[in-house]
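Colleague: task: produce atomic coordinates for the following.
(one chain, ligands or ions: 1)
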Amino acid sequence: MRIAIYPGTFDPVTNGHLDILKRATEFFDEVIVAVAVDSNKTTLFSLEERIQLLETAAEELSQVKIRGFEGLTVEFARQCGANAIIRGLRAMQDFEYEFQLALMNKKLAADIETIFLMTQSEFSFISSSSIKWAASLKGNISEFVPPHVERAIYKKYHRSIDD
Ligand code: COA
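Modeller: All right, here's what the predicted structure looks like:
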């Protein structure tokens, strides 16, 4: 059984993340989305909310499981029986950070490979932060996140999507 983890903060999940996730399922029997408890970021959504939003977004992907994790990503990969970490690359500015993270993870666990998938061009400029920022200013984010995520973001900043 080929198992990979796809770690991140997912605050919240975007169509860019979902594109990477769907494509990863073509190469692995099981992909475990690993939602980080502590990733150096102050999050808008709680861990439970981030997991719930991902579960709804991925409900049609039978090979996908969603799990929260604390501590080292490579340790979590081992606990899951995974030998690969999936990361999405959007643009050149991601490369330096991702390269550093991948090398550090390789030092910590030589048996686990990081596999990068290129984000589709229509999502290459989005991030969870820019989507939250736009929504906080009542910008239209419907192209970038599933409808239930759009509603959840709007609820955080405004009373509802129509406010
Ligand atoms: N489409 C759209 N946006 C994307 C994307 C895609 N395909 N891929 C990444 N992004 C965005 C995310 O939305 C996020 O945006 P934000 O910064 O505005 O929130 C940003 O790119 C990167 O976030 P994400 O992919 O969620 O990763 P992260 O850098 O927040 O998470 C962990 C990193 C969890 C993998 C890392 O902190 C970690 O491994 N932590 C555990 C401790 C550890 O093992 N550390 C390493 C050894 S020291």
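Colleague: pretty sure residue 41 is in a helix, no?
Modeller: No: secondary structure assignment (DSSP: H, G, I helix; E, B strand; the rest coil) places residue 41 in coil, not in a helix.
Colleague: now residue 86: which helix or strand?
Modeller: strand 84-89 (DSSP states H and E).
Colleague: tell me which stretches of the protein form helices.
Modeller: In the chain, the helices defined using DSSP state H lie at 15-24, 47-57, 73-80, 92-108, 128-136, 147-157.
Colleague: which one of those helices lies nearest to the ligand?
Modeller: helix 15-24 (1.9 Å; CB to the nearest ligand atom). Quick note: C-beta positions are derived from backbone N, CA and C, even for glycine.
Colleague: tell me which residues in the closest one are buried?
Modeller: Residues of helix 15-24 classed as buried by neighbour count (16 or more other CB atoms under 10 Å): 15, 16, 17, 18, 19, 20, 21, 23, 24.
Colleague: for burial, what's the neighbour tally of the residue lying closest to residue 21 once chain neighbours are set aside?
Modeller: Closest residue to residue 21 apart from its sequence neighbours, by CB to CB, 6 or more residues apart in numbering: residue 6 at 5.9 Å. Residues lying near residue 6 (other CB atoms under 10 Å) number 27.
Colleague: so what's residue 6 up against?
Modeller: Going by CB atoms under 8 Å, 6 or more residues apart in numbering, residue 6 touches 17, 20, 21, 24, 31, 32, 33, 34, 85, 86, 87.
Colleague: ok, 10 Å please
Modeller: 17, 20-21, 24-25, 28, 31-35, 54, 64, 66, 82, 84-88, 115, 117 (CB atoms under 10 Å, 6 or more residues apart in numbering).
Colleague: of the residues you listed, which are in range of the ligand?
Modeller: Counting by CB under 6 Å from any ligand atom, 17, 20, 88 from the contacts of residue 6 sit close to the ligand.
Colleague: residues in contact with the second one?
Modeller: It stands for residue 20. Residue 20 neighbours (CB under 10 Å, 6+ apart): 6, 8, 14, 31, 86-90, 116-120, 123.
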